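Novice: Predicted structure and sequence below. I'll ask about it afterward.
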Protein chains: 2
Amino acid sequence: MQVMPVTINEVAAKAGVSKSTVSCYLNEKFEAMSPETRARIAAVIAELDYRPNALARSLKQKRTHTIAAIVANILNPFSTTIIRGAEDCCQKAGMNLILCNADDKPDKEKEYIEMLLAKQVDGLIINTTGSNNALIREVCAHTPVVLIDRKAPEAACDTIAVNGRDGSRQAVDHLVKLGHRRIAMFTLPYRNISPREDRVLGFQEALARHGLEFDPELLIETEAAEDRIAFHMRALVARGILRPTAVFGANNLVTMAIIKALKALNIAVPRDMAVIGFDDWDWAALIDPPVTVVAQPAYEMGAKAAAVLIKRLTAGKAARKPAVVTYKPQLIVRKSCGET
Amino acid sequence: MQVMPVTINEVAAKAGVSKSTVSCYLNEKFEAMSPETRARIAAVIAELDYRPNALARSLKQKRTHTIAAIVANILNPFSTTIIRGAEDCCQKAGMNLILCNADDKPDKEKEYIEMLLAKQVDGLIINTTGSNNALIREVCAHTPVVLIDRKAPEAACDTIAVNGRDGSRQAVDHLVKLGHRRIAMFTLPYRNISPREDRVLGFQEALARHGLEFDPELLIETEAAEDRIAFHMRALVARGILRPTAVFGANNLVTMAIIKALKALNIAVPRDMAVIGFDDWDWAALIDPPVTVVAQPAYEMGAKAAAVLIKRLTAGKAARKPAVVTYKPQLIVRKSCGET
DNA sequence: GTGAAAGCGCTAACAA
DNA sequence: TTGTTAGCGCTTTCAC
């Protein structure tokens, strides 16, 4: 095990040429190379099963042809779908993509950013946990970064986002149209996490627009853990006559936990409680009942993020100012709010 | 943009020491270093915001302290859960983990293996698509590899697997106990993909053990695409009196597609058709009806894969022969097969 | 305690 | 058309 791997020197020696010639071959600079040399090198490479060392190459070239994507939580279908989009785009562009999962932990995100920078990735796509803004701002200053979903205030980087205010508005409008007046919203801690703030803001605005009073007790800020959500749900139900008739889950995971909690409490959806969620996912239609959501175009967002990043990588001097691309979410009516 | 990053030389110059001294600092070799030097270097590093170049370091050290995991399909919760397990283990061990998604495409898997090898990762965890056995065999000869879920015949590497025959047996036993005699199995193309073969084999064996004849028409080999599965389901239903009363989905994605197809055909589960799946996932209990499955310990498998790999990386000479770790799957009864 | 020098595997001028 | 040379940024003996 661990035999010394073959290097360019051995290839050169065996082919009877210098290593620069082999290097030319590797970099497909064939113009000034005789077909014989070329063939000979090819043969030796095959014979020795030579694989160029990308570390050495990148060290010299100062480019790794690699971009990395760090997602906040790989268990979230939103993240994996973004990855799929980014991947397809990178492949078309001949860039390598490597992935990292911050697991919703700012510390891990920080470690990954530092590791990837140390490894000299050419650029970064970050679906940030939201607690490393200072670091990200600093990174943006020297390495191309595209933020996806979450913004980082004052960071000079491109951002791919969704209009969360509009999404919440659509959710509330739908609920109000169905006759709901007392609507609760479950959100993960939202301060300083732009999309969450937007969604909360949009929720409050929409309520106001419909002349509904905002009851702070109906805005539940909670961790994603199922037992926390179940706990809050029980408290909500215990309000008796004042209990909401509909709940809005601010993301995927929260919405699923809401449905679990409701099932555990034997509360029928939508009969006893309507449920709507932010963000769609593959099997949302399989759930009992199929859940009505405001969908985000995750795949397109991932692809766009990669495209924007790669463009910036190759733009050189012609770099434009960082831009924000905002997608509009879309209401998908299923059954969890009752018939429309 | 792209200011020249600061190097060890600049740190050395500014601190008034040689670069070897700085290198000692970076590698925490403080024994033979005066506290003053140490403090001075620390100060300069902070001031310059110096970040060591991992490429250069790894080039010299011939180790990257990085392992990579390639999963067959990142949209599959089984894969992401494996990743979570591997991640936690790597973090504890101080190794970096990077991820790649083969997207069920052998070509992509091959490209990733080659890229990662070129990048000199220390080891590889592969949940293979099943069509790169020759390559993997070759890679194993010089780089530590741990295969997870799928075996590669004759490859000299550690493997983490689940007893698929036993899992299928448990599924069939459960169904038979509930009175089913005509059971169909949906599987993705299974030839040469070890866990799928095992599951099919286990299915046939279990049928035989119960004195049930195996009807080849009830073993449906199909792509995962929902329309394909819906197509086959329609054909099954069209058998009228001969139609099966239960279906067994050979994995996650197939099981979900089966349920979608059944919903589309308005066939009530479990009343008109029982459904059981291989592999559990987070929200299986939220589905209508909550689906009964034979679960695999995905998180543990991921953690074990990383642990085995890291052990091999640090074992050096003392390397044992490659081993196969086999987990036993576990039946989780929910509602999709009817009351028990 | 610290530094000088050699070199990891590759690329990129520039010579020849 | 091909080879020589000088590094890329770091680590690692081995001297001092």
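Specialist: Yes, it's here.
Novice: if I look at the residue of chain A found nearest chain B, how far off is residue B:283?
Specialist: In chain A, the residue that lies nearest chain B is residue A:288 (3.0 Å; Cβ to the nearest Cβ). Heads up, the C-betas are built off the backbone N, CA and C, glycines and all. In this view, residue A:288 and residue B:283 are 11 Å apart by Cβ to Cβ, to the nearest Å.
Novice: For stretch A:294-304, C-alpha coordinates in PDB please.
Specialist: Only the C-alpha atoms of stretch A:294-304 are listed here, as PDB (Å, rounded to 0.1, in the frame of the first residue of the first chain):
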ATOM      1  CA  VAL A 294     -45.700  28.600  -1.400                       C
ATOM      2  CA  ALA A 295     -42.900  27.100  -3.500                       C
ATOM      3  CA  GLN A 296     -39.400  28.300  -4.200                       C
ATOM      4  CA  PRO A 297     -37.700  27.400  -7.400                       C
ATOM      5  CA  ALA A 298     -34.800  25.700  -5.600                       C
ATOM      6  CA  TYR A 299     -33.200  24.000  -8.700                       C
ATOM      7  CA  GLU A 300     -33.200  27.200 -10.700                       C
ATOM      8  CA  MET A 301     -31.700  29.000  -7.800                       C
ATOM      9  CA  GLY A 302     -28.900  26.600  -7.500                       C
ATOM     10  CA  ALA A 303     -28.200  26.700 -11.200                       C
ATOM     11  CA  LYS A 304     -28.300  30.400 -11.200                       C
END
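Novice: buried ones in that stretch?
Specialist: Counting neighbours by 16 or more other Cβ atoms under 10 Å in any protein chain shown, one finds that the buried residues in stretch A:294-304 are A:294-298, A:301-304.
Novice: Now the residue of chain A closest to chain B: closest residue in space, sequence neighbours ignored.
Specialist: residue B:288 (3.0 Å; Cβ to Cβ, 6 or more residues apart in numbering or on different chains).
Novice: Residue A:114 contacts residue B:51, correct?
Specialist: Yes. Because the distance of 7.3 Å satisfies Cβ atoms under 8 Å, residue A:114 is recorded as touching residue B:51.
Novice: ok so, going back, of the buried residues of stretch A:294-304, which belong to strands?
Specialist: A:294-295 (DSSP state E).
Novice: In a markdown table, list the buried residues of stretch A:294-304 along with pLDDT and distance to DNA strand D.
Specialist: Converted to a markdown table, the buried residues of stretch A:294-304 look like this (pLDDT from 0 to 100; distance: Cβ to the nearest atom of the strand, whole Å):
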| residue | pLDDT | distance to DNA strand D |
| --- | --- | --- |
| A:294 | 98 | 47 |
| A:295 | 98 | 45 |
| A:296 | 98 | 40 |
| A:297 | 98 | 40 |
| A:298 | 97 | 37 |
| A:301 | 98 | 34 |
| A:302 | 98 | 32 |
| A:303 | 98 | 33 |
| A:304 | 98 | 32 |
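Novice: Span of stretch A:143-155 from start to end?
Specialist: End-to-end distance of stretch A:143-155 (Cα to Cα, to the nearest Å): 12 Å.
Novice: and it, does that touch DNA strand D?
Specialist: No. For stretch A:143-155, no contact with DNA strand D is found by Cβ under 7 Å from any atom of the strand; the gap never falls below 14.6 Å.
Novice: From the contact counts, what lies against the helix or strand containing residue A:311?
Specialist: Element membership for residue A:311, per DSSP states H and E: helix A:298-315. Contact partners of helix A:298-315 among helices and strands, from 3 or more Cβ pairs under 8 Å, 6 or more residues apart in numbering or on different chains; DSSP states H and E: strand A:66-71, helix A:77-93, strand A:123-126, strand A:145-148, strand A:158-162, strand A:324-327.
Novice: Out of the ones you listed, flag the one nearest residue B:159.
Specialist: helix A:77-93 (25.1 Å; Cβ to Cβ).
Novice: Check what contacts the closest one and list those residues.
Specialist: Outside of helix A:77-93, the residues within contact range by Cβ atoms under 8 Å, 6 or more residues apart in numbering or on different chains are A:67, A:69, A:71-74, A:96-97, A:99, A:101, A:125, A:127, A:148-149, A:251-252, A:279, A:281-282, A:296, A:298-307, A:310, B:74-75, B:80, B:101, B:103, B:108.
Novice: just to revisit the earlier point, got a markdown table for the helices and strands packed on helix A:298-315, with distance to residue B:158 and mean pLDDT too?
Specialist: Shown next, in a markdown table, are these (distance: least, Cβ to Cβ, whole Å; pLDDT from 0 to 100):
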| stretch | distance to residue B:158 | mean pLDDT |
| --- | --- | --- |
| strand A:66-71 | 27 | 98 |
| helix A:77-93 | 27 | 97 |
| strand A:123-126 | 32 | 98 |
| strand A:145-148 | 36 | 97 |
| strand A:158-162 | 40 | 96 |
| strand A:324-327 | 44 | 97 |
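Novice: Now render the ones you listed as a markdown table, adding mean neighbour count.
Specialist: Formatted as a markdown table, those follow (neighbours: other Cβ atoms under 10 Å in any protein chain shown):
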| stretch | mean neighbour count |
| --- | --- |
| strand A:66-71 | 25 |
| helix A:77-93 | 22 |
| strand A:123-126 | 26 |
| strand A:145-148 | 27 |
| strand A:158-162 | 24 |
| strand A:324-327 | 14 |
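Novice: Tell me which of the ones you listed lies nearest to DNA strand C.
Specialist: Counting by Cβ to the nearest atom of the strand, DNA strand C lies closest to strand A:66-71 out of those; the figure is 14.6 Å.
Novice: Redo the buried residues of stretch A:294-304 as a markdown table? Include distance to residue B:176.
Specialist: What follows is the buried residues of stretch A:294-304, written out as a markdown table (distance: Cβ to Cβ, whole Å):
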| residue | distance to residue B:176 |
| --- | --- |
| A:294 | 44 |
| A:295 | 41 |
| A:296 | 44 |
| A:297 | 45 |
| A:298 | 42 |
| A:301 | 47 |
| A:302 | 45 |
| A:303 | 47 |
| A:304 | 51 |
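Novice: before we move on, back to that, out of residue A:288 and residue B:283, which sits in the more crowded spot?
Specialist: residue B:283 (21 against 17; other Cβ atoms under 10 Å in any protein chain shown).
Novice: residues in contact with that one?
Specialist: Residue B:283 neighbours (Cβ under 8 Å, 6+ apart): A:256, A:283, A:287.
Novice: SS state for it?
Specialist: coil (DSSP: H, G, I helix; E, B strand; the rest coil).
Novice: how near is it to residue A:74?
Specialist: Distance, residue B:283 to residue A:74, by Cβ to Cβ: 15 Å.
Novice: Please apply the same query to residue A:246.
Specialist: Residue A:246 sits 31 Å away from residue A:74, going by Cβ to Cβ.
Novice: Go ahead and name everything in contact with the helix holding residue A:311.
Specialist: Counting by Cβ under 8 Å, 6+ apart, A:67, A:69, A:77-78, A:81-90, A:93, A:95, A:97, A:122-125, A:144-146, A:148-149, A:158, A:160, A:162, A:279, A:319, A:323, A:325, A:327 sit against helix A:298-315.
Novice: Quick check: nearest residue in space to residue A:249, chain neighbours excluded?
Specialist: Nearest residue to residue A:249, sequence neighbours excluded (Cβ to Cβ, 6+ apart): residue A:255, at 3.2 Å.
Novice: still on that earlier bit, who wins for proximity to residue A:9 among the helices and strands packed on helix A:298-315?
Specialist: That would be strand A:66-71 among those, by Cβ to Cβ, at 25.3 Å.
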